[in-house]
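[1] Next comes the sequence, and after it the predicted model I'd like to discuss.
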Amino acid sequence: MTSRRPRDREAERAALRAAADRLLAGTPLRSVSGKLTASELLRESGLRRDVAYGDHKDLVEEFQARVKAQSATPAAMQELADKYAEVKEKLAAITEELAKERAAGATLRRIIAELSLELDQAREELGQSGNVARLPAPRRRVSRQGRGSG
């Protein structure tokens with residue numbers, strides 16, 4: 001027959017308190033969701049349901065009261081939600097600005113195309129009139145380093 005180790009009720013209570021503090025602070029170690037529920041408290045503490053509700057029901061109820069007092073949102077989660085809202089606003093403003101810049105770029109491209117066509121037309125008209133002489137293309141300059149040294 002194997003003997004069971006005696007339960008350490010104080011360690012269990014300490015585990016529940018620490019788990020409650022971590023969940024309320026938004027820094028859980030075992031809970032994936034971080035929700036402020038009794039089930040997540042048990043998952044975070046590592047205790048079985050029968051142990052928590054059998055001997056430490058007062059701590060579970062205390063956690064539930066603290067959750068209600070905190071408006072069910074951990075302070076760390078509220079900070080993240082506020083930061084997310086701020087970043088979302090900035091993103092919307094930048095997206096709007098980018099759309100305006102893209103529209104301005106498209107307008108400028110259309111203007112450039114029109115001016116290019118007008119320039120080609122003007123050059124063609126000037127070339128067809130007989131009294132305009134074409135100037136020779138400018139000569140290229142030779143750089144000093146390109147010349148042979150003595």
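    Cool, got the structure.
[2] Tell me where this protein has helices.
    With DSSP state H, the ranges of helices along the chain come out as 9-25, 38-45, 49-55, 57-69, 75-128.
[3] Please identify the deepest-packed of the ones you listed.
    Highest mean neighbour count among the helices of the chain (mean count of other CB atoms under 10 Å): helix 38-45, with a mean of 20. Placement of C-beta: from N, CA and C, glycine included.
[4] Turn the helices of the chain into a markdown table, including mean pLDDT.
    Output for the helices of the chain, formatted as a markdown table (pLDDT from 0 to 100):
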| stretch | mean pLDDT |
| --- | --- |
| helix 9-25 | 90 |
| helix 38-45 | 90 |
| helix 49-55 | 88 |
| helix 57-69 | 88 |
| helix 75-128 | 92 |
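[5] Tabulate those (CSV), appending distance to residue 31.
    CSV is the format used below for the helices of the chain (distance: least, CB to CB, whole Å):
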stretch, distance to residue 31
helix 9-25, 7
helix 38-45, 5
helix 49-55, 14
helix 57-69, 13
helix 75-128, 12
